[in-house]
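Undergrad: I would like to see how this sequence folds:
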Amino acid sequence: KLPAEALAAHGAAVAATLEHTDGKVRKAAVETLGKLPAEALAAHGAAVAATLEHTDGKVRKAAVQTLGKLPAEALAAHGAAVAARLEDANEYVRMAAVQTLGKLPAEALAAHGAAVAAKLEDAVAGGRMAALQTLNKLPAEALAAHGAAVVAKLEHPDEDVRKAAVAVLGKLPAE
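TA: Numbers count the residues shown, from 1 in each chain. The predicted structure is shown next:
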């Protein structure tokens, strides 16, 4: 196991395997790039983002998670591509996309606020929780636009979802 700094010297070779025909190799390449120091990873952000369209959900999830390790400014450049994964058929990819969007700078996250708020209706409770946690990172002004959707989660059957909704609502300014 190479230290991250030593691994960075081989980043280009690892990135070259992102186009390998074997999905397992692609997934391993994405995960290995995710071990690079953030600044070194940034050089391969576009190549990692290209794997977001892979047919294997495990590769797409790994790509979303690896993009989440980019410096915030570099991640912002891929925000739209990550946001597109909010509609992925794979629930784990959707949750990873919501969590990765939560790492964006506040102004960049606000641009995807409506798409994240739509995940409050995700088919799985984990997706709804991830959406609430990410919405909680929005500035209060941007969060206010989604207040009604968050209020609706106060009646959710899952206690953790209700608690998370209360925490998000606590961030809103008094009217």
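Undergrad: okay, CA-based contacts and neighbour counts for the rest of this
TA: Noted.
Undergrad: who touches the residue nearest the centre of the chain in this structure?
TA: What sits nearest the mean C-alpha location of the chain, by Cα atoms, centre = their mean, is residue 100, with 2.1 Å. If you count contacts by Cα atoms under 8 Å, 6 or more residues apart in numbering, residue 100 has them with 64-65, 67-68, 82.
Undergrad: in stretch 57-73, what's buried?
TA: Of all the residues in stretch 57-73, those buried under the rule 16 or more other Cα atoms under 10 Å are 57-72.
Undergrad: from those, which is closest to residue 142?
TA: Nearest to residue 142 among the buried residues of stretch 57-73, counting by Cα to Cα, is residue 72 at 18.8 Å.
Undergrad: just how off-centre is stretch 58-66 within its chain?
TA: Taking Cα atoms, centre = their mean, to the nearest Å, one finds the center of stretch 58-66 at 9 Å from the center of the full chain.
Undergrad: Give me the below-cutoff pLDDT ranges for this structure.
TA: 175 (pLDDT under 70).
Undergrad: switch the cut-off to 80
TA: Within the chain, the segments meeting pLDDT under 80 span 1-6, 173-175.
Undergrad: quick one: contacts of the strand or helix carrying residue 46?
TA: In this assignment (DSSP states H and E), residue 46 forms part of helix 45-50. Residues outside helix 45-50 that contact it (Cα under 8 Å, 6+ apart) are 15, 18, 30, 63-64, 66-67, 70, 74, 78, 81.
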